[in-house]
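> Sequence and predicted structure below; questions after.
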Amino acid sequence: MARAVTSRRKLINTTAAWAVGLLIFFPILWTILTSFKTEAQAIAAPPLFLNFDWTLENYGVVMERSNYARFLWNSILIAGGSTILGLLVAVPAAWSMAFVPSRRTKDILLWMLSTKMLPAVGVLYPIYLLFIQLGLLDSRAGLIIVMMLINLPIIVWMLYTYFREIPVDILEAARMDGASLKSEILYVLTPMAIPGIASTMLLNFILAWNEAFWTLNLTSVNAAPLTAFIASYSSPEGLFFAKLSAASTMAIAPILILGWFSQKQLVRGLTFGAVK
Amino acid sequence: MSIRTALRATSALVLCAIATTASAQDTTITIATVNNGDMIRMQGYTDTFTAQTGINVEWVTLEENVLRQRVTTDITTNGGQFDIMTIGMYETPIWGANGWLVPLNDLSAEYDVDDILPAMRNGLSHDGTLYAAPFYGESSMVMYRTDLMEAAGLEMPTAPTWQFIREAAAAMDDPADDINGICLRGKAGWGEGGAFITVTGNSFGARWFDEEWNAQFDQPEWAEAVNFYVNLMNDYGPQGYATNGFNENLSLFQQGKCGMWIDATVAASFVTNADSTVAEHVGFALAPNAEGVEKRANWLWAWALAIPAGTQQEGAAKQFIEWATSKDYIELVAANEGWANVPPGARTSLYETPEYQAVPFAQMTLDSINAADPNNPTVDPVPYVGIQFVAIPEFAGMATEVSQEFSAAYAGQQTVEEALAKAQAIATETMEAAGYR
Amino acid sequence: MATKASRSAARIMMAPAVVLLLGWMLVPLLMTLWFSFRNYLPLRGGDLGWAGFDNYVRFVSSSAFWPSIQATLVIVGSVLVITLVFGILLALLLDQPMWGQGIVRILVIAPFFVMPTVSALVWKNMFMDPVNGLFAHLWRFFGADPISWLSDASMPSIVMIVSWQWLPFATLILLTAVQSLDGEQLEAAEMDGATKLKRFYFIILPHLGRAITIVILIQTIFLLAIFAEIFVTTGGAFGTRTLSYLIFQRVLESQNIGLGSAGGVYAIILANIVAIFLMRIVGKNLDN
């Protein structure tokens, strides 16, 4: 905004925004804090905020009990793999919808979105049987494919809206100059589309990372990601708040850190064509 | 890094991931299990097993509800994801009858299958064939605070009635000091609050079905049982008991917030161990009955290891089961963690071990197990086997819905009468759909 | 504009996505349709033959059906309203100049990165537990009786958990829209003496129209399918059984694949009704 802002106004804004921000973030903060407490301190009344003996004991227990590295690696591979694969399929589709639209383009787009509304539980048995037939149960490949298919409509749509904002005149000019389809894509389109592709990648990665139905039901050991890891800590016997917090922190930390670094990209990028 | 190289690198990564489907030469078995304390302890000893046999073990440890969902899907579709599944007394006979489990009729002589407690062996067999080996077994009993009872001037009989339980709960209840007279399961789910209200029903003379499979929730015994439970818990139970299951109550009891707790006998070792703030003051008694009713509110359950019929690793799986449910394993745990922490309720010999007999809850556990009779669970005759469950495939789904109605009544969202009417409708509907009537 | 050659090239480029999604939709759909007409009970020996429309009739005539539709709509509706209202307010706030804007933004969008299972577990145990939960401590501190959130206020609790997860998403999208607001137009309106409320209603809100539509569309798609939050917290008790949870109970808890599949077909129909309804609005809004 061009207008000069009084520092009093800015102070009020800052206070309000920080208060709201901390309130929203508090559950996560509380989980992280609890993960450093002993089980007894975790349920102490009144609750302990910072004044407790910090301990890494819970992380030790979790590390000893589960093969965290494998769960993490699977999560990275599945989320990453499905994102890459999804982009490979979605970029050409979105590109052609955006630049060579036909009468049916919008229908196809909306139909794609509607496939996301199939209730997953309703098709668990068919998919499970199919996976047995194809030998894909508990394989990363199988999950990568499923995650890709689940998020494909969102990716196509996001990319479509980005591509549509690329001015067509530039393409026309390039074509006049005799650019081939290939160079059109490589030298004109790609540089302009990169920000959009990047935020699409991010969103897809987050969605695939957090998906908890298929990842839990189609895996056992080899392909089990962090969602399966957390399912073994949900309510064991006795006091478990601190251990649950440690496991939760470990499950969300990687994606939280990724989000931290890509915050600007996300804020700018997640428009879905909402801004004109 | 350009997009292109990034794409190339990552697609190579994906291909790698696809290509690395396990190529292990060693024998590896995959075991699905529940995240209860005894199982987690067993995982800790896996290395001992691997050292002895050279067989590697992969664990899939899941919370109970998720585990059921996973293993049931896998066994019914013949998915072959697991070499050993941890299942209970409800699933074993049904799955065994369907031919989905490997019969355990050729266990080695050292294993001494006759040493398994008869009640457990019976509950894990179909037509006399054992289909799952009990890792631990349990009944239910009363656990109470001896110090609070003393302060209240009461003495717990070995075999209390519900009326006495109510009296004791009233005497120990102390809201000012954050002590609830009694903590009981109210959480929805057939294995949680559903199991508890079913045995409570038994102890008031109620039953799920009559001999023609007619649902019995419209009978006065059920109304009496559920009303008694609701009044008891509203008067002396903890806040929000409608969502408390085994774990929630355990943690309440360990924190000293319950005067009494009627639940699984395995809890005895948790309320007397180091995690418990009241370990010194816990007494045990048989589960109660209503005055004049011969059946008590105690169930019978075992978590057991079974081998799905489709497995490639039958031999290795059997080896593991023999190891994990053996006398040697019990001794291994006893040597490292003390006798109070061994998996209970599975073997006769355990209860004949002098060291174990010295454990305060050992005898009461055995007595509770022996007092449970799955073949005659109720006062009036029934067409089914099972105490806190009805051993038919339709039960789990039906009982979960029924217990959800009860939990809604506990939370005050509907009356007990409304809940019973809905339970009657659900049970009738299910029996008709399944063709029993 | 487009030549014939580029048309066919476009078709080829679209083909993989369309074919894959078609397969992903049709194969399970056809299998579900097939099962829904079968008497398929895995625990009783599997496929026991033709069932006609029995499963369809039984699924709707069950006393749990209509309440589950209602629960689904209540959850989707309330979460949409909450995330939109608070999302707009937050977006406007975050757009103001302040110190540490970047950090505040991270704090606000953080819940979006948390797995639904984890957030449900954390809320259930560490906040809503009537004995040891933080809310219980807070209530007691003010001398009130703690609330049994998940039984006495089951629906609000679930709506709260889900809203917490989706508020960041709504805020993000609305924020990008707010950022593109024409500052001069707002200033001109201010000069003309338009009150804050009027400026919001006549300038800001219309500008956000498209963003709001997008939020509604995307969130509805995800909210219709929420499962983990209910599975972890109430297990479908206390009136929180949604349609997809009811299907889960029929398929997995009762092991009645036929009945569950019939439910799945109903869910698809419901989803399509909602979709058509949404597409009408979105389609209009996306055109300009």
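Cool, got the structure. These numbers come from a predicted model, not from an experiment. Numbers count the residues shown, from 1 in each chain, chains lettered A, B, ... in the order given.

> Tell me where the chain is predicted with low confidence.
This is for chain A. For chain A, residues meeting the criterion pLDDT under 70 lie at A:1-5, A:235-239, A:269, A:271, A:273-276.

> The intended chain is chain C.
Within chain C, the ranges that satisfy pLDDT under 70 run C:1-5, C:282-288.

> List the contacts of the residue in the stretch 201-350 of chain B that chain C sits nearest to.
When scored by C-beta to the nearest C-beta, the stretch 201-350 of chain B has residue B:240 as its residue closest to chain C, at 3.0 Å. Heads up, the C-betas are built off the backbone N, CA and C, glycines and all. Contact analysis of residue B:240 by C-beta atoms under 8 Å, 6 or more residues apart in numbering or on different chains lists C:130-131, C:146, C:148-152.

> which one among those residues gets closest to residue B:40?
Nearest to residue B:40, judged by C-beta to C-beta, of the contacts of residue B:240 is residue C:131 at 24.0 Å.

> Once you drop chain neighbours, what's closest to the residue in chain A that chain C sits nearest to?
Closest residue of chain A to chain C, C-beta to the nearest C-beta: residue A:122 (2.5 Å). Of all residues not flanking residue A:122 in the chain, residue C:264 sits nearest, at 2.5 Å (C-beta to C-beta, 6 or more residues apart in numbering or on different chains).

> Let me know the helix or strand that the one you found is in.
Under the criterion of DSSP states H and E, residue C:264 resides in helix C:257-287.

> so residue A:268 makes contact with residue A:199?
Yes: between residue A:268 and residue A:199 there is a contact under C-beta atoms under 8 Å: 7.3 Å.

> Looking at the two now, which is surrounded by more residues?
residue A:199 (20 against 16; other C-beta atoms under 10 Å in any protein chain shown).

> In three-state terms, label the more buried one for me.
Reduced to three states with DSSP: H, G, I helix; E, B strand; the rest coil, the structure at residue A:199 is helix.

> do the same with residue B:85
Using three-state DSSP, the structure places residue B:85 in strand.

> Can you name the residues that contact it?
By C-beta under 8 Å, 6+ apart, the residues touching residue B:85 are B:31-32, B:71, B:74-75, B:305-308.

> any chance of those in a markdown table, plus neighbour count, pLDDT and distance to chain C?
Shown next, in a markdown table, are these (neighbours: other C-beta atoms under 10 Å in any protein chain shown; pLDDT from 0 to 100; distance: C-beta to the nearest C-beta, whole Å):
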| residue | neighbour count | pLDDT | distance to chain C |
| --- | --- | --- | --- |
| B:31 | 25 | 96 | 21 |
| B:32 | 24 | 95 | 15 |
| B:71 | 26 | 93 | 11 |
| B:74 | 22 | 91 | 11 |
| B:75 | 25 | 92 | 8 |
| B:305 | 26 | 97 | 20 |
| B:306 | 28 | 97 | 15 |
| B:307 | 27 | 97 | 19 |
| B:308 | 24 | 96 | 14 |
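
> Next step: those residues restricted to strands.
Among the contacts of residue B:85, DSSP state E puts B:31-32, B:305-306 in strands.

> Close to chain A: what parts of the stretch 251-400 of chain B are there?
Selection of the stretch 251-400 of chain B residues close to chain A by C-beta under 8 Å from any C-beta of the partner chain yields B:251, B:254-255, B:270, B:275.

> number of nearby residues for residue 185?
You didn't say which chain, so I picked chain A. By other C-beta under 10 Å, the residues close to residue A:185 number 16.

> nope, chain C
13.

> Was I right to think it contacts residue C:206?
No: the criterion here is C-beta under 8 Å, and residue C:185 misses it with residue C:206 at 11.1 Å.

> what number of residues lie near the residue of chain C at minimum distance from chain A?
Using C-beta to the nearest C-beta, the single residue of chain C nearest to chain A is residue C:264, 2.5 Å away. Around residue C:264 there are 32 other residues, counting by other C-beta under 10 Å.

> Can you pull the phi/psi pair for the nearest residue to residue C:107 once chain neighbours are set aside?
Using C-beta to C-beta, 6+ apart and skipping residues adjacent in sequence, the residue nearest residue C:107 is residue A:21, 3.6 Å away. Torsion angles at residue A:21 (phi, psi; degrees, to the nearest 10) stand at phi -60, psi -50.

> can you check the one 3 residues further on too?
Backbone dihedrals for residue A:24, given as degrees, to the nearest 10, come out at phi -70, psi -40.

> Please determine how far it is located from residue B:113.
According to C-beta to C-beta, to the nearest Å, residue A:24 and residue B:113 sit 58 Å apart.

> Those two - which one has more neighbours?
Counted by other C-beta under 10 Å, residue A:24 and residue B:113 do not tie: residue A:24 has more neighbours, with 21 against 16.

> Identify the residue nearest the more buried one in space, chain neighbours excluded?
Of all residues not flanking residue A:24 in the chain, residue C:108 sits nearest, at 5.4 Å (C-beta to C-beta, 6+ apart).

> Isn't the one you found up against residue A:28?
No: between residue C:108 and residue A:28 there is no contact under C-beta under 8 Å: 11.4 Å.

> Looking at the two, which one has more neighbours?
Regarding residue C:108 and residue A:28, a neighbour count based on other C-beta under 10 Å identifies residue C:108 as having more, with 28 against 21.

> what residues are up against that one?
If you count contacts by C-beta under 8 Å, 6+ apart, residue C:108 has them with A:20-21, A:24-25, C:90, C:94, C:167-168, C:171.

> mind putting the contacts of residue B:240 in CSV, distance to chain A, neighbour count and secondary structure included?
Below are those laid out as CSV (distance: C-beta to the nearest C-beta, whole Å; neighbours: other C-beta atoms under 10 Å in any protein chain shown; DSSP: H, G, I helix; E, B strand; the rest coil):
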residue, distance to chain A, neighbour count, secondary structure
C:130, 13, 24, coil
C:131, 8, 21, coil
C:146, 11, 19, coil
C:148, 17, 27, coil
C:149, 14, 26, helix
C:150, 13, 27, helix
C:151, 16, 28, helix
C:152, 21, 18, helix
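
> Can you pull the domain assignment for chain A?
By the assignment in automatic domain parsing, chain A contains the domains A:7-60, A:66-232.

> Compute the first-to-last residue distance for the longest one.
Which is domain A:66-232. Taking C-alpha to C-alpha, to the nearest Å as the measure, domain A:66-232 stretches 9 Å from start to finish.

> for the first one, same thing?
End-to-end distance for domain A:7-60, by C-alpha to C-alpha: 48 Å.

> Can you give the distance from it to the centre of its chain?
Averaging C-alpha positions (C-alpha atoms, centre = their mean, to the nearest Å) puts domain A:7-60 24 Å from its chain's average.

> what does stretch B:327-337 contact?
For stretch B:327-337, the surrounding residues in contact (C-beta under 8 Å, 6+ apart) are B:41-42, B:45, B:48, B:112, B:115, B:323, B:341-343, B:347, B:349-350, B:355-356.

> Kindly recompute the last result at 6 Å.
Residues outside stretch B:327-337 that contact it (C-beta atoms under 6 Å, 6 or more residues apart in numbering or on different chains) are B:342, B:349-350.

> And stretch B:414-431, by the same measure?
Residues outside stretch B:414-431 that contact it (C-beta under 6 Å, 6+ apart): B:213, B:215, B:217-218, B:222, B:226-227, B:230, B:394, B:398, B:401-402, B:405-406, B:408-409, B:437.

> Please repeat the previous calculation with a cut-off of 7 Å.
Stretch B:414-431 is contacted from outside by B:208, B:213, B:215, B:217-218, B:222-223, B:226-227, B:230, B:394, B:398, B:401-402, B:405-406, B:408-409, B:437, C:62-63, using C-beta atoms under 7 Å, 6 or more residues apart in numbering or on different chains.

> check which helix or strand covers residue B:292.
Using DSSP H and E, residue B:292 maps to neither a helix nor a strand.

> What separation is there between it and residue B:381?
Using C-beta to C-beta, we find residue B:292 at a distance of 18 Å from residue B:381.
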